[in-house]
Every structure is written in C-alpha cells, then in structure tokens.
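K.L.:
Dropping the sequence and predicted coords here.
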Amino acid sequence: MTVYLVGAGPGDPGLLTRRGAQVLATADVVVHDRLVSSALLRLAPPTAELVDVGKSPRHPTMTQDEINALLVERGRTAGSVVRLKGGDPYVFARGAEEVAALLDAGIDVEVVPGVSSAFAVPAAAGIPVTLRNVSTSVTVVTGHEDPTKDEPQVDWEALARVGGTLVILMGVTHWTEIARRLVSGGLAPDTPTAAITWGTRADQQTVRATLGTLGDHALTAPATIVVGAVAAEHLDWFERRPLFGRRVVVTRTRSQASELAARLAAAGAEVIEAPVIEIVEPADGGAALDAAVRAVADVDWVVLTSPNGAERFCARLRDGRDLAGVRLAVIGPGTAAVLERHGLVADLMPSAFVAESLLEAFPAPPTDGGRVLLARAEVARDVLPEGLAARGWTVDVVTAYRTVAATPAPELVDLVASADVVTFTSSSTVQHFVDAYGRDRIPGVVACIGPVTAATAVELGLTVDVEATSHSIPGLVDALLDWTGRTA
C-alpha cells in the first residue's frame, strides 16, 4: 500500500505529468484539493473513492492535521491512495508535512512532482520569467505566510533589491502592503507588473499594469503576480486561440467525449461535458449480436453505422480471419477508425457520412442474391435496411447497443445554460438534451455534426447555427472555428 502525492499542475488538466496520470488510473482513493480540475478526477477508476479536502481562503474544509490523519488512515486500509494537490506538492503547498506524517506512520510514499503555476501561468500569459538581456534570475515567493508565525519572514524590501523577476503566489489579499514595501525597498512604481487569474485555464484573465497601479484593478484569487521588466512582454499565444473565452457544451457520452473535448480545449474553449446519453448493452445482453458474429461468414457485407456499433462488433470477433470473404461498409471516419484499431480496413465509406450516401454507393447484390448484416443502435432510422432490401439485398438487422438517458445534476443544468455553444453529434443527443434541460436552457449557438442531426434539432424547435460540412468530430470543430472567424 502506497500513498502518492501527485502535483496536479496549475489548472490545465493537460499539464498533468504522465506519471501522475499513471497512478491516478489505478487509485483506490483520491484525496483532492478544491482547485483540482474535475477532468483529472475522471482519470481515476469509476470505483475510486473521491475525498474533497479543499481549502478556500479562510474557510478550510479540513484542517491540515485532519488531512494528515486521513491520509494515514487511508494509507493503512486502502491499496493505492493518491493525494492530488494543485501545482507541485513541495512548492508553497504542505506536501512536506503530509509526507512526514506518512513516513512517521510507516506508510510507503511516492512524490510525483507537478508543473508549478510560478512558471506555467506566466508562460500562458505570454510572459517569460527569464529573458536574455532583460532578466537573468527569478525569485518565487508566497504572499500568504503562515498566520501563526510570530512575525513575517518575507523581507520584501530585500527582495526589491535582488533584481530580476519576482513571481508572487497567493498575494492578492496582501497586495497593497506588498506593493508598498517593494517600492519602499527601491523598486520604481512604474515597474511592469501583471496579475494572471485562473492561469492556464480557459477562463484565464490577465491584468497588465505597473507596481504602482496594479492595486487599482479588481484582483481576484487565485492569481499569479509577476513583477519586473518581463511583465511588459506580450508573447501572447494562449489567449489568442480561436475559441478562447467561449464556453462549449459537449453532449457526447462520457466514454466518447474525450476526443471532441480535447480538440475544443486545444482551440481555447472552456469545455462543459454534459453527457445526455449513456451507451449500454442491448436488452438481450448482446446475445443476438454474438450469434450474428458467429455466423458472419454467411453474409456478403457487414454495415456499421457508428463507432459504438463498430466497437461492439469488433470486440466479439476472434480476429480478422472471421471476416474472410466478408466486406465492410461504414458511415464516417470515426467508425472506420474503430475498424483500424482492430486491424481491419473498410471496403466502402461514402463521401458524405449519412445513410443516404451509403445507399447510393452500395453495390447491387449478386444475381443469386446477397446478404447484409447491419449492426446498429436499437433505435435508428430505417433508411438503410429498407433501401438495401428494395435493391434486392437480404438484410439482417441486429441491435449492437442501446442509448439511455443520463440524468444531469442540478448544478450542471445551470452551468450548461450559461454556455455560449452546445454541440450535438447525433439525433439522439439532441432529443435527450431537450428532454433533460428544456428548450429554455439551450445555449445561444447550436452546432451539429451533420444534416441528420441538424434536421432533428430543427424538428424540436431549435435554430441550427453551425453545421459541419465533414460529418466527423474534426469536421465539427472546423465548422466552429469557421463560425468563430465569421463572428469575431
């Protein structure tokens, strides 16, 4: 049994280290801080116990002694415990105290360093903490000392004389006094200064001012304050991303949201994952699909219309030899990609990723007849089976999966209503979203992956603002980027 102290990084879940992700993936218990991203908590197994010990200014959920005792108790009784801390466990955190308590109790410990906000946050704001010929040193200091100490230890006047760059963490509350003492120590009031709130996150805000004027702005925690000539640099990249500042709702299932969410986040969006459906086994537990796969050699074509159907079909194959002589048709590159992961290649994929286009491209059956296996969702349009039967094919339709409604938490309902954009990747997500949230909670912009999904949205009374030309996740993101360029 081991307790891992893992640095969660400054805010962006993508800045978690690979080692941190590894230990999270096998955690039995995750003890986490208030500012840790929910995206990181989803890296833990669904069965993991999540314990929030978050501290807010002047309102700690648990005292440090209580946290230490909790870690010792879980360390003795659970297999793998992850203590997930913002930033780095040893940079103005109390990781050293927690490690000491665990070692004193005879519990194995591993410290997994994290990316510190002292360096990552200025970088996201376009500020290099060191710069040749400008600043050759950087000093990191806390603006929030232990209130139980008899007297402060930070000599701000001395730091003013050190030169280079000064990075101050947790300094918002005492900024007026800090600035006064830095000026008293010799720093000019017009020294460039910047404060970055929620750095590396999609809602990052940067205030640029001087040492003498930064206090005139409404500063909010958590902020990283940079004092020195480098604070005048504007090497902006983070806030220039095309979707920066936009809140975008992703309605895909929890297991499938990652690709769309990752692409949107890379473009700068604040992603709100609000899955409205869950993918579950068919009512028969997959018995019909199992039987169809066992007899797959008897068909000429297998048609797969979605990544979900393809994944469940491929999972039941022993290997590619089961498909000897059988050809594969798919709708969309996402479905084709699932086949590729299983070492299979689609023989037919229409240029437009809808059932009608597949019908147009599908060959005629042999003169003596032919058979098609169509593996799809329990509820789906009958365009394909009816169209193929009309052309002379014998069509075996088998249910590969079902979609069921996911119930949103009340706080998620309000968060979704505050978003700028909602994305829909299937007709079922549109229907379930309207059922779960109501039309009055629809964000201002509706983006759909293709014409079938868009048609469903219109039928339900929604106005479709963005429709992907390429009916895929990359195509949907590209359509949003194009819309952003037109509305900027």
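P.N.:
Received the coordinates, thanks.
K.L.:
tell me the pLDDT at the residue nearest to G95 when sequence neighbours are not counted?
P.N.:
Of all residues not flanking G95 in the chain, P89 sits nearest, at 3.1 Å (CB to CB, 6 or more residues apart in numbering). The C-beta positions use only the backbone N, C-alpha and C, and glycine is treated the same way. Per-residue pLDDT puts P89 at 95.
K.L.:
got the contact list for P89?
P.N.:
Counting by CB atoms under 8 Å, 6 or more residues apart in numbering, P89 touches L5, V6, G7, R83, G95, E98, V99, V111, V112, P113, G114.
K.L.:
switch to 6 Å and redo it
P.N.:
L5, G7, G95, V111 (CB atoms under 6 Å, 6 or more residues apart in numbering).
K.L.:
same question, I442
P.N.:
In this structure, I442 makes contact with no residue, judged by CB under 6 Å, 6+ apart.
K.L.:
where's it relative to G461, distance?
P.N.:
Noted for I442: a distance of 9 Å to G461, by CB to CB, to the nearest Å.
K.L.:
again, but for A188
P.N.:
For A188, the distance to G461 equals 61 Å [CB to CB].
K.L.:
who has more neighbours, these two?
P.N.:
Neighbours around A188 and G461, counted as other CB atoms under 10 Å, are more numerous at A188. The numbers are 12 against 9.
K.L.:
Spatially, and excluding backbone neighbours, which residue is closest to the more buried one.
P.N.:
In space, and not counting its chain neighbours, A188 is closest to L211: 7.2 Å by CB to CB, 6+ apart.
K.L.:
Phi, psi for that neighbour please.
P.N.:
Phi and psi for L211, reported as degrees, to the nearest 10, are phi -60, psi -40.
K.L.:
Also F244?
P.N.:
Backbone dihedrals for F244, given as degrees, to the nearest 10, come out at phi -60, psi 140.
K.L.:
Please export the C-alpha coordinates of the helix or strand hosting V271 as CSV.
P.N.:
Using DSSP states H and E, the element containing V271 is strand 270-273. Taking C-alpha atoms only, strand 270-273 is exported to CSV below (Å, rounded to 0.1, in the frame of the first residue of the first chain):
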residue,chain,number,x,y,z
GLU,A,270,-13.8,26.1,-21.9
VAL,A,271,-15.4,22.7,-22.3
ILE,A,272,-18.5,21.7,-20.3
GLU,A,273,-19.1,18.0,-20.5
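K.L.:
What strands flank it, and is each parallel or antiparallel?
P.N.:
Take DSSP bridges as the rule and strand 270-273 pairs in its sheet with strand 247-250 (parallel).
K.L.:
What are the boundaries of the helices in the stretch 201-350 of the chain?
P.N.:
Per DSSP state H, counting those that start in this stretch, the stretch 201-350 of the chain carries helices over the ranges 257-266, 287-294, 307-315, 333-341.
K.L.:
got a list of contacts for the strand or helix carrying A123?
P.N.:
Secondary structure assignment for A123, by DSSP H and E: helix 117-124. Applying CB under 6 Å, 6+ apart, the contact partners of helix 117-124 are P10, G87, V129, V140, V167, I196, G199, T200, T224, V226, F238.
K.L.:
And the furthest pair within these?
P.N.:
V140 and F238 (20.4 Å; CB to CB).
K.L.:
the more surrounded of the two?
P.N.:
F238 (21 against 17).
K.L.:
Okay, that one and L16: tell me how far apart.
P.N.:
Separation of F238 from L16 (CB to CB) stands at 17 Å.
K.L.:
how much space between the nearest residue to V345 once chain neighbours are set aside and A329?
P.N.:
Closest residue in space to V345, ignoring its immediate chain neighbours: L339 at 6.6 Å, by CB to CB, 6+ apart. Computed with CB to CB, the distance linking L339 and A329 is 10 Å.
K.L.:
How far off centre is stretch 260-279?
P.N.:
Stretch 260-279 sits 6 Å away from the centroid of its parent chain (CA atoms, centre = their mean, to the nearest Å).
K.L.:
List the buried residues in that stretch.
P.N.:
Buried residues in stretch 260-279, counted by 16 or more other CB atoms under 10 Å: 260-265, 267-277, 279.
K.L.:
any chance you could read off phi and psi for the residue lying closest to A27 once chain neighbours are set aside?
P.N.:
Excluding the flanking residues, the one nearest A27 by CB to CB, 6+ apart is V82, at 4.3 Å. Torsion angles at V82 (phi, psi; degrees, to the nearest 10) stand at phi -110, psi 120.
K.L.:
What of G95?
P.N.:
Torsion angles, degrees, to the nearest 10, at G95: phi -60, psi -40.
K.L.:
do V31 as well
P.N.:
When quoted as degrees, to the nearest 10, the phi and psi of V31 stand at phi -100, psi 110.
K.L.:
thinking again about what came up before, looks like the residue nearest to A27 contacts Y4 (just checking).
P.N.:
Yes - V82 is in contact with Y4 according to CB atoms under 6 Å; the separation is 4.9 Å.
K.L.:
Quick one: residues contacting G143.
P.N.:
Going by CB under 6 Å, 6+ apart, G143 touches I168, M170, G171, H174, I178.
K.L.:
and the two most separated of these?
P.N.:
Across the contacts of G143, no pair lies farther apart than M170 and I178, at 10.8 Å, counting by CB to CB.
K.L.:
sorry, back to before: in a markdown table: the helices of the stretch 201-350 of the chain, plus distance to L41 and mean pLDDT.
P.N.:
Shown next, in a markdown table, are these (distance: least, CB to CB, whole Å; pLDDT from 0 to 100):
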| stretch | distance to L41 | mean pLDDT |
| --- | --- | --- |
| helix 257-266 | 14 | 84 |
| helix 287-294 | 33 | 94 |
| helix 307-315 | 25 | 93 |
| helix 333-341 | 26 | 90 |
